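Asker: coordinates for the following, if possible.
(one chain, ligands or ions: 2)
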Amino acid sequence: MTDSKKIEFDQIFMKLAVDISKKSHCIKKKVGAIITKDTRVVSTGYNGPPSGTYNCDRDWPNEGCPKSLHGGCSYALHAEQNAIIFAYKNNIDLFNTTLYTTLSPCLYCARLIFSSGIKRVLFMDYYSKYKDIQIEEGLSFLKEFKIVVNKFCLNEEIGSNK
Ligand SMILES: [Zn+2]
Ligand SMILES: [Zn+2]
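Answerer: Numbers count the residues shown, from 1 in each chain. Ligands and ions are numbered 1, 2, ... in the order given. Next up is the predicted model:
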């Protein structure tokens, strides 16, 4: 694949990650993830409790969902986790795939990403910035084990094409 073609697909898939994030029922932060192999989407996910359980915005519209000790939703799986779990449930091999996520992976997700065989991660926003913490534990973990990690900005032309 040529570089320009690769960038074009990166734009398309990151746009898709943004779109799928809008399906999240989280009232704090909506995150979307897309996993691709070559030029095909093999899995998608957004953050939230396991399907068939709760929808935070519907079940706790006023007070918000119960928070864990770390301050996050105590029921929610992260977008990357949901995308990886869906793939495993459907016997989709994630070896050599690319992950597009609207928020950089946390440390828990980074371990899963590495273990599942994903080789490249593109993200839009920094998890540390959102959480107001100093370090990107997830990105450091991925880089340590030679996963290709890049911050990616959506091209306005494609990003605003609605
Ligand atoms: Zn929640
Ligand atoms: Zn995570």
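Asker: only C-alpha atoms for contact and neighbour calcs from this point on.
Answerer: OK.
Asker: so N47 makes contact with C26?
Answerer: Yes - N47 is within contact range of C26, at 7.2 Å (criterion: Cα atoms under 8 Å).
Asker: name the residue in these two with the higher neighbour count.
Answerer: Per other Cα atoms under 10 Å, whichever of N47 and C26 has more neighbours is N47, with 26 against 22.
Asker: and stretch 79-92, which residues are buried?
Answerer: 79-87 (16 or more other Cα atoms under 10 Å).
Asker: wait, I meant stretch 130-149
Answerer: Neighbour count says stretch 130-149 has 136-142, 147, 149 buried, by 16+ other Cα under 10 Å.
Asker: strands along the protein, start to end?
Answerer: 32-37, 40-46, 98-103, 120-125, 148-151 (DSSP state E).
Asker: excluding covalently adjacent residues, which one is nearest to C26?
Answerer: Distances taken as Cα to Cα, 6 or more residues apart in numbering put C56 closest to C26, at 5.8 Å, once the chain neighbours are dropped.
Asker: quick one: that neighbour from Y75, how far?
Answerer: Look at C56 and Y75: by Cα to Cα, to the nearest Å, they are 9 Å apart.
Asker: okay, these two: which has more neighbours?
Answerer: C56 (23 against 17).
Asker: just checking, that one touches K29?
Answerer: No - the criterion here is Cα under 8 Å, and C56 misses it with K29 at 11.4 Å.
Asker: so what does I92 have for phi and psi?
Answerer: Backbone torsions of I92, given as degrees, to the nearest 10, read phi -100, psi 120.
Asker: my guess is it meets T44, correct?
Answerer: No - look at I92 against T44 with Cα under 8 Å: they stay out of range, at 11.9 Å.
Asker: what mean pLDDT does stretch 78-97 get?
Answerer: Per-residue pLDDT over stretch 78-97 has a mean of 98.
Asker: wait, does that stretch contact ligand 1?
Answerer: No - on the criterion Cα under 5 Å from the ion, stretch 78-97 is out of touch with ligand 1, staying 10.6 Å away.
Asker: around ligand 2, pick out the residues from the protein.
Answerer: Residues of the chain lying near ligand 2 (Cα under 5 Å from the ion): 78, 105-106, 109.
Asker: residues contacting N155?
Answerer: Q11 (Cα atoms under 8 Å, 6 or more residues apart in numbering).
Asker: how about 10 Å then?
Answerer: The contact partners of N155, by Cα atoms under 10 Å, 6 or more residues apart in numbering, come to 7-8, 11-12, 14-15.
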